[in-house]
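Engineer: got a predicted model here, sequence first, then my questions.
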Amino acid sequence: MVNFLKKNIALLWAKKHVKGTKAFKQNAVEDQQKLLLSLVKTAEKTLFGRHHQFEDIKNIEDFQAKVPVADYEELKPYIEKVKKGQRDILWTGTPEYFAKTSGTTSGAKYIPISKEGMPYQISAAQSAIFHYIAQKNNADFVNGKMIFLQGSPALEEIYGVKTGRLSGIVAHHIPSYLQKNRLPSLETNLIEDWETKVDAIVKETEKENMTLISGIPPWLIMYFEKLIERNGKKITELFPNLQLIITGGVNYEPYREKMTELLGKNVDTLQTFPASEGFFAFQDDYKKDGLLLLTNHGIFYEFIPLEEFGKPDARRLTLKDVELHKDYALILTTNSGLWAYSIGDVVRFISKNPYRVLVSGRTKHFTSAFGEHVIAFEVEEALKATVEKMPAQITEFHLAPQVNPEEGLPYHEWFIEFEKEPADLANFRDFLDSEMRKRNTYYDDLISGKILQPLIITNLKKNAFQDYAKSEGKLGGQNKIPRLANDRKIGDYLGKFKKQLS
């Protein structure tokens with residue numbers, strides 16, 4: 001009786017919630033304009049607001065004229081003041097949290113999360129689940145056990161501001177009605193070493209009625225493989241009531257076939273787009289591509305055409321200006337005090353009513369050693385088309401340029417760890433190269449012009465990518481290995497794991 005009530009209450013909540021979201025889906029442009037001016041007004045007396053004459057900002061054009069696009073390094077002087085306990089620097093008062101993330105040029109980054117910003121992280125996740133329940137017209141999973149593969153919830157303090165990984169911070173805000181069903185235990189969640197932690201999670205969950213599992217795909221795969229190794233069963237045999245997989249962090253499509261193989265059959269999948277800087281979008285229709293952009297969640301968005309990104313005269317477009325099927329660098333202004341912040345993600349709109357996006361890459365993760373500017377979306381789509389034509393299963397891959405080969409023309413080198421190799425690797429390589437040429441005209445020109453030779457695949461031994469992640473101290477949590485690079489740093493390490501021809 002209790003279970004019946006619980007799932008039916010969840011279904012009623014979900015339908016009511018989805019009905020209430022219709023307004024923001026229809027009024028995104030107007031809401032965004034009002035939001036920006038509200039953010040500016042709130043922060044008018046902050047140090048950043050005084051430095052950038054917020055009191056004179058009356059519209060979006062004024063804002064863009066006074067506030068330049070900035071990355072973390074450019075906002076860092078302000079963030080350092082906040083870390084020292086100073087108030088009213090980027091946002092009013094002091095942050096509620098710092099989300100600590102991996103940096104590339106200066107070590108860890110500390111992203112402020114205000115008391116106004118934190119609730120949106122939680123409500124966005126709830127909204128994603130409510131949309132799924134309402135569309136499915138089924139909330140059975142709420143009566144089972146749920147697991148969120150995440151970082152440690154242990155937090156430290158910097159001048160009174162609680163600091164930790166975003167997933168660990170979020171763990172402190174899981175609604176009480178979900179806590180009883182949530183795994184793993186706090187003791188297990190506090191384990192820092194990722195492999196040890198996954199082993200403990202496997203032991204805690206293998207006999208449970210798991211109905212919802214959430215995490216980024218590479219670490220879900222690691223968890224599933226360990227479960228199968230211990231129990232000799234596919235995941236849906238082990239967890240017959242498993243209803244929903246929630247993923248985020250990376251594009252799910254390259255992992256879909258591998259995940260389905262481990263699961264044993266199709267399980268509903270819900271993709272999300274969260275980050276320390278905010279929760280931006282989620283899949284509001286689990287049967288269709290595209291993530292609903294959250295335009296009323298305390299974040300004002302700008303979009304720079306990818307081909308203009310980094311140029312001094314780059315256009316800063318708003319929602320009303322974007323075009324479908326073009327790639328844009330995502331720029332954020334948030335209610336936690338990030339102003340015209342370049343987060344590094346690239347998005348592509350596939351719908352404007354409502355606004356839905358695909359995450360098509362990273363501004364810093366591309367391959368363009370020869371001017372081709374190949375992005376993640378192109379390589380992932382090319383690989384997907386190739387696998388559909390020539391059956392194979394791919395665990396992970398990385399693309400790097402080889403500018404100075406020992407002989408012959410330069411080329412793109414694809415480092416691929418196969419779960420199941422294609423029947424003919426040479427044909428697989430030729431088809432993949434053809435698919436890449438279809439998707440990137442610059443690459444096609446380089447091949448046609450004999451500047452590059454067709455791509456070369458380096459077939460890697462099992463666990464090559466896990467070994468690399470461990471070597472960099474980035475095994476587990478929300479850490480992701482770049483799929484594209486403009487140099488050989490990752491590629492040269494992976495090359496040590498090349499399979500020898502038999």
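Structural biologist: Received, thanks.
Engineer: output the contacting helices and strands for the one helix or strand residue 458 maps to.
Structural biologist: Using DSSP states H and E, residue 458 maps to strand 456-459. Secondary-structure packing of strand 456-459 (3 or more CB pairs under 8 Å, 6 or more residues apart in numbering; DSSP states H and E): strand 411-420, helix 425-439. Every C-beta, even on glycine, is put in place using the N, C-alpha and C of the backbone.
Engineer: relative to residue 96, how far out is residue 336?
Structural biologist: 9 Å (CB to CB, to the nearest Å).
Engineer: actually residue 156, not the one I typed
Structural biologist: Taking CB to CB, one finds residue 156 at 14 Å from residue 96.
Engineer: these two: which is more packed in?
Structural biologist: In this view residue 156 and residue 96 are compared by other CB atoms under 10 Å, and residue 96 has more residues nearby, 17 against 10.
Engineer: quick check: that one touching residue 157?
Structural biologist: No. Assessed by CB atoms under 8 Å, residue 96 is found out of contact with residue 157, at 11.8 Å.
Engineer: helices of the stretch 351-500 of the chain, start to end?
Structural biologist: With DSSP state H, counting those that start in this stretch as the criterion, the stretch 351-500 of the chain has helices at 376-389, 425-439, 441-448, 464-471, 489-494.
Engineer: same thing with the stretch 151-300 of the chain?
Structural biologist: 166-170, 176-179, 186-189, 194-205, 217-231, 235-238, 253-263.
Engineer: so which of the ones you listed gets nearest residue 277?
Structural biologist: helix 166-170 (9.2 Å; CB to CB).
Engineer: and residue 6, which of the helices of the stretch 151-300 of the chain is closest to it?
Structural biologist: helix 176-179 (8.1 Å).
Engineer: tabulate the helices of the stretch 351-500 of the chain (JSON lines), appending mean pLDDT, distance to residue 252 and mean neighbour count.
Structural biologist: Output for the helices of the stretch 351-500 of the chain, formatted as JSON lines (pLDDT from 0 to 100; distance: least, CB to CB, whole Å; neighbours: other CB atoms under 10 Å):
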{"stretch": "helix 376-389", "mean pLDDT": "90", "distance to residue 252": "10", "mean neighbour count": "20"}
{"stretch": "helix 425-439", "mean pLDDT": "95", "distance to residue 252": "19", "mean neighbour count": "18"}
{"stretch": "helix 441-448", "mean pLDDT": "88", "distance to residue 252": "25", "mean neighbour count": "16"}
{"stretch": "helix 464-471", "mean pLDDT": "88", "distance to residue 252": "17", "mean neighbour count": "19"}
{"stretch": "helix 489-494", "mean pLDDT": "92", "distance to residue 252": "22", "mean neighbour count": "17"}
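Engineer: same list (those) but as TSV, adding distance to residue 398.
Structural biologist: Below are those laid out as TSV (distance: least, CB to CB, whole Å):
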stretch	distance to residue 398
helix 376-389	10
helix 425-439	14
helix 441-448	17
helix 464-471	8
helix 489-494	6
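Engineer: out of the ones you listed, flag the one nearest residue 404.
Structural biologist: That would be helix 489-494 among the helices of the stretch 351-500 of the chain, by CB to CB, at 12.4 Å.
Engineer: and stretch 116-133, what's buried?
Structural biologist: 116-118, 120-121, 124-125, 127-133 (16 or more other CB atoms under 10 Å).
Engineer: what of stretch 397-405?
Structural biologist: For stretch 397-405, by 16+ other CB under 10 Å, it's 397-402.
Engineer: so which of these belong to strands?
Structural biologist: Of the buried residues of stretch 397-405, the ones assigned to strands by DSSP state E are 397-402.
Engineer: tell me the one of those nearest residue 347?
Structural biologist: residue 399 (20.4 Å).
Engineer: which residues does the closest residue in space to the closest one that isn't next to it in sequence contact?
Structural biologist: Excluding the flanking residues, the one nearest residue 399 by CB to CB, 6 or more residues apart in numbering is residue 484, at 5.0 Å. By CB atoms under 8 Å, 6 or more residues apart in numbering, the contact list for residue 484 reads 361, 365-367, 374-376, 379, 398-400.
Engineer: any idea how far residue 194 is from residue 484?
Structural biologist: From residue 484 to residue 194 the distance is 24 Å (CB to CB).
Engineer: quick one: the strands in the stretch 51-200 of the chain?
Structural biologist: 97-101, 109-113, 145-148, 156-158, 161-164, 182-183 (DSSP state E, counting those that start in this stretch).
Engineer: adding mean pLDDT and distance to residue 310, write those strands out as TSV.
Structural biologist: Output for the strands of the stretch 51-200 of the chain, formatted as TSV (pLDDT from 0 to 100; distance: least, CB to CB, whole Å):
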stretch	mean pLDDT	distance to residue 310
strand 97-101	92	22
strand 109-113	95	20
strand 145-148	90	36
strand 156-158	94	32
strand 161-164	94	31
strand 182-183	88	43
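Engineer: for residue 71, which of the ones you listed is the nearest?
Structural biologist: Using CB to CB, the strands of the stretch 51-200 of the chain put strand 109-113 closest to residue 71, at 10.0 Å.
Engineer: what distance separates the start and the end of stretch 237-246?
Structural biologist: Using CA to CA, to the nearest Å, the end-to-end distance of stretch 237-246 comes to 19 Å.
Engineer: hmm, I was thinking of stretch 66-74
Structural biologist: 15 Å.
Engineer: likewise stretch 98-108?
Structural biologist: 11 Å.
Engineer: the helix or strand harbouring residue 40 packs against which elements?
Structural biologist: Here residue 40, judged by DSSP H and E, is contained in helix 28-42. Under the contact criterion of 3+ CB pairs under 8 Å, 6+ apart, helix 28-42 touches helix 60-66, strand 299-305, strand 327-334.
Engineer: possible to save the ones you listed as TSV with mean neighbour count and distance to residue 494?
Structural biologist: Converted to TSV, those look like this (neighbours: other CB atoms under 10 Å; distance: least, CB to CB, whole Å):
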stretch	mean neighbour count	distance to residue 494
helix 60-66	16	42
strand 299-305	24	32
strand 327-334	24	27
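Engineer: in a markdown table: these, plus mean pLDDT and distance to residue 443.
Structural biologist: A markdown table is the format used below for the helices and strands packed on helix 28-42 (pLDDT from 0 to 100; distance: least, CB to CB, whole Å):
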| stretch | mean pLDDT | distance to residue 443 |
| --- | --- | --- |
| helix 60-66 | 97 | 34 |
| strand 299-305 | 97 | 20 |
| strand 327-334 | 96 | 15 |
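Engineer: could I get these as JSON lines with distance to residue 29?
Structural biologist: Formatted as JSON lines, these follow (distance: least, CB to CB, whole Å):
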{"stretch": "helix 60-66", "distance to residue 29": "11"}
{"stretch": "strand 299-305", "distance to residue 29": "11"}
{"stretch": "strand 327-334", "distance to residue 29": "16"}
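Engineer: of the ones you listed, which is nearest residue 348?
Structural biologist: That would be strand 327-334 among the helices and strands packed on helix 28-42, by CB to CB, at 5.3 Å.
Engineer: export that closest one as PDB, just CAs?
Structural biologist: The C-alpha coordinates for strand 327-334 follow below in PDB (Å, rounded to 0.1, in the frame of the first residue of the first chain):
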ATOM      1  CA  ASP A 327      28.000  25.300 -33.300                       C
ATOM      2  CA  TYR A 328      28.300  27.900 -30.600                       C
ATOM      3  CA  ALA A 329      30.600  28.500 -27.700                       C
ATOM      4  CA  LEU A 330      28.500  28.700 -24.600                       C
ATOM      5  CA  ILE A 331      28.800  31.900 -22.500                       C
ATOM      6  CA  LEU A 332      27.200  32.200 -19.000                       C
ATOM      7  CA  THR A 333      26.100  34.900 -16.600                       C
ATOM      8  CA  THR A 334      24.800  33.300 -13.400                       C
END
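Engineer: pairing partners for that strand, with directions?
Structural biologist: strand 299-305 (antiparallel), strand 341-352 (antiparallel) (DSSP bridges).
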